[in-house]
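Engineer: mind folding the following:
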Amino acid sequence: MDEPTLGRDAGPPGFLQLAGHPVRWRLLRELARSDRQVRELTGLTGHPQPLVSYHLGRLRAARLVTARRSSADGRDAYYTVDLARCGELLAAAGGALHPALGPGGSPPAAALTAPARVLFLCTGNGARSQMAEALVQRRSGGLVQALSAGSHPGALHPNTVRVMTEHGIDVRGRAAKHLSVFSADRFDYVITLCDRVREVCPEFPGHPRHVHWSIPDPAAAGDTDEASYPAFQATAAELEARIGFLLAAIAATPARSAHQEA
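Structural biologist: Numbers count the residues shown, from 1 in each chain. Down below sits the predicted model:
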């Protein structure tokens, strides 16, 4: 997802670079189980003492590991991992990848502080994009205005109505629309849900963020509505998960009006 707040050119967070080294990761895992002396760590990891000491020094410099002298024999030292600090840094690293992975997880809909407009596109506008539109409207409490259309609109699929009813949403009576209906409209996000429509997606005014979710057409999963229904359920579940991350990204992105001139 193309989010300016995430820093597209930023390298991995320092914690990932430090802890991602195989030797240091093994040391952290061993210390997460128990405080250890250097000689114990060399035996557990199979690495020589100088190498283990070097990497312990790197971990101590980052304040991930501390050492204290043994009260039984002052010549020995026990190493301890700061799991709370590791947890904080792991959460921060997750947030650097996507706002929903940061501390606190996905923010609730109440975290949305400004309205946003999202257009979902698929081929027929009878399943995927209609489900996405309905789920965003419900999940955002209406603060995100979600719309949908298709490159070759048909009719609302009966399984779309059925699966959305299971999610507590009534989509009966919604009509399929051609994407040209919105050709002059401004959106914050334009999200294509099938590979075909991505290839023909037009440019929209205002330079919206273009996102692609490659999701198979659930209607193609069976010869009958009953046979394809499990695919509709799976599609709704995938959209529900993706939309949670989308709303978190919207909440973490500096507000800008889709109605303003770019």
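Engineer: can you give me the offset of the worst-scoring helix or strand of the chain on mean pLDDT from its chain's centre?
Structural biologist: Lowest on mean pLDDT, DSSP states H and E among the helices and strands of the chain sits helix 83-97, with a mean of 88. Centroid separation for helix 83-97 versus its chain: 15 Å, with CA atoms, centre = their mean, to the nearest Å.
Engineer: what ranges does the protein have for its strands?
Structural biologist: Along the chain, counting by DSSP state E, strands occupy 65-69, 77-81, 116-122, 144-150, 189-192, 209-212.
Engineer: contacts for the least confident helix or strand of the chain next, please.
Structural biologist: When contacts are taken as CB atoms under 8 Å, 6 or more residues apart in numbering, the neighbours of helix 83-97 outside the stretch itself are 6-7, 10, 12-13, 15-16, 19, 28, 32, 63-64, 101-103. In short, each C-beta sits where N, CA and C put it, glycine included.
Engineer: mind doing that once more with 6 Å?
Structural biologist: With contacts defined as CB atoms under 6 Å, 6 or more residues apart in numbering, helix 83-97 is touched by 13, 15-16, 101-103.
Engineer: pick out the most distant pair among those.
Structural biologist: Across the contacts of helix 83-97, the longest distance by CB to CB is 15.9 Å; it joins 16 and 103.
Engineer: of the two, who's got more company?
Structural biologist: Set residue 16 next to residue 103 and count neighbours by other CB atoms under 10 Å: residue 16 wins out with 16 against 11.
Engineer: so how far is residue 249 from that one?
Structural biologist: Summarising the geometry, the distance separating residue 16 from residue 249, computed by CB to CB, to the nearest Å, is 20 Å.
Engineer: okay, now the residue lying closest to residue 150 once chain neighbours are set aside: neighbour count?
Structural biologist: Of all residues beyond its chain neighbours, the one nearest residue 150 is residue 125 (3.1 Å), with distances taken as CB to CB, 6 or more residues apart in numbering. Number of residues near residue 125 (other CB under 10 Å) recorded here: 29.
Engineer: the one 4 residues further on now?
Structural biologist: Other residues near residue 129 come to 32 when the count uses other CB under 10 Å.
Engineer: same check on residue 193?
Structural biologist: Summarising burial for residue 193: neighbours were counted as other CB under 10 Å, giving 28.
Engineer: OK, contacts around it?
Structural biologist: Applying CB under 6 Å, 6+ apart to residue 193 gives the contacts 122, 128-129, 213, 215.
Engineer: how about it, phi and psi?
Structural biologist: In terms of degrees, to the nearest 10, the main-chain angles of residue 193 are phi -110, psi 0.
Engineer: and it, what's its pLDDT?
Structural biologist: The predicted local confidence for residue 193 comes out at a pLDDT of 94.
Engineer: mind checking how far it is from residue 241?
Structural biologist: Summarising the geometry, the distance separating residue 193 from residue 241, computed by CB to CB, is 14 Å.
Engineer: wait, the residue nearest to residue 150 touches residue 151, no?
Structural biologist: No. Contact between residue 125 and residue 151 fails when scored by CB atoms under 6 Å: they sit 8.4 Å apart.
Engineer: what do the two both touch?
Structural biologist: Taking CB under 6 Å, 6+ apart as the contact definition, residue 125 and residue 151 share no neighbouring residue.
Engineer: next, count neighbours for residue 182.
Structural biologist: Using other CB under 10 Å, the number of residues around residue 182 comes to 20.
Engineer: mind listing what it touches?
Structural biologist: If a contact means CB under 6 Å, 6+ apart, then residue 182 has 119, 149 as its contacts.
Engineer: mind doing that once more with 10 Å?
Structural biologist: Shown here is residue 182, whose contacts under the criterion CB atoms under 10 Å, 6 or more residues apart in numbering are 117, 119, 121, 147-149, 190, 202, 204-205.
Engineer: write a ChimeraX command that selects only the buried members of these.
Structural biologist: Typed into ChimeraX, the line below selects the buried ones among the contacts of residue 182, using 16 or more other CB atoms under 10 Å:
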select :117,119,121,147,148,149,190,204
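Engineer: so which pair among the contacts of residue 182 is furthest apart in space?
Structural biologist: Farthest apart among the contacts of residue 182 - using CB to CB - are 148 and 205, which lie 18.1 Å from each other.
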